[in-house]
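*Asks:* return atomic coordinates for the entry below.
(chains A and B)
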Amino acid sequence: KAGVTQTPRYLIKTRGQQVTLSCSPISGHRSVSWYQQTPGQGLQFLFEYFSETQRNKGNFPGRFSGRQFSNSRSEMNVSTLELGDSALYLCASSPTGTGGEDEQFFGPGTRLTVL
Amino acid sequence: GENVEQHPSTLSVQEGDSAVIKCTYSDSASNYFPWYKQELGKRPQLIIDIRSNVGEKKDQRIAVTLNKTAKHFSLHITETQPEDSAVYFCALFPRGYNKLIFGAGTRLAVHP
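*Replies:* Just a heads-up that it's a prediction; the model follows:
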């Protein structure tokens, strides 16, 4: 089975722009979660999607949004980019996402640099 | 809210020594505690996990212990090898929520 894939792997943007990141989960996995990793804040949960619905949300501003498609692929969008949004964005998939009972499998991440 | 404290932030050991990383948490309803290893430039990978109905779990040189009363869980690596050098994260799922809350990470360096 192919693992979780993320595109693009690297991205450079300037302040004020917006960006869309994509995540393809492991085949058959219905839950996709997004995390932000920075040296200062560590790994922080952004949101989780299951069956095209956002089920859980972390403490991030509304500039961070996401969606999930019927094939379970997910995208996250960041609008009006700030320097502090520079980070590694990781997505993770799990089969059912049942209350934390499934292992989450991480993708390689998208490294976003905001200049 | 949920919180996980992880110690130490850095750990340096000689090859063959043991390494112990400890995490404490605040949400007593948590019931699943995974540990992830992240090598430089790579994705986090699950190395071992433990559920609240178990006190200890071993997998070769790696073990995890859980004390639900004291609300802490620890990762034990025995006979460390240079390839164990990485950042290790403890995490938990708040009960009923499919979101991982991570500790701040421990950078382990194993010197030959």
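*Asks:* now residue 34. Nearest residue, chain neighbours left out?
*Replies:* In the absence of a named chain, this looks at chain A. In space, A:Trp34 comes closest to A:Leu46 once its chain neighbours are excluded; the distance is 4.1 Å by CB to CB, 6 or more residues apart in numbering or on different chains. No exception for glycine: its C-beta is placed from N, CA and C like everyone else's.
*Asks:* hm, I was asking about chain B
*Replies:* In space, B:Pro34 is closest to B:Asp49, 3.9 Å off (CB to CB, 6+ apart).
*Asks:* so the one you found sits right up against B:Trp35, yeah?
*Replies:* Yes. B:Asp49 lies in contact with B:Trp35 (CB atoms under 8 Å); the separation is 6.8 Å.
*Asks:* how near is B:Leu11 to chain A?
*Replies:* 17 Å (CB to the nearest CB, to the nearest Å).
*Asks:* okay, and the beta partners of the nearest residue to that residue once chain neighbours are set aside?
*Replies:* Using CB to CB, 6+ apart and skipping residues adjacent in sequence, the residue nearest B:Leu11 is B:Leu108, 4.9 Å away. B:Leu108 has these beta-bridge partners by DSSP bridges: B:Leu11, B:Ala86.
*Asks:* check the gap between A:Thr110 and A:Ser72 for me.
*Replies:* Between A:Thr110 and A:Ser72 the distance is 18 Å, computed by CB to CB, to the nearest Å.
*Asks:* the closest residue to A:Cys91 other than its chain neighbours: what's it in contact with?
*Replies:* For A:Cys91, ignoring the flanking residues on the chain, the nearest one in space by CB to CB, 6+ apart is A:Cys23 at 3.5 Å. Contacts for A:Cys23 (CB atoms under 8 Å, 6 or more residues apart in numbering or on different chains) come out as A:4-6, A:32, A:34, A:73-76, A:91, A:93, A:107.
*Asks:* buried only: go through those residues for me.
*Replies:* With neighbours counted using 16 or more other CB atoms under 10 Å in any protein chain shown, the contacts of A:Cys23 contain these buried positions: A:4, A:6, A:32, A:34, A:73-76, A:91, A:93, A:107.
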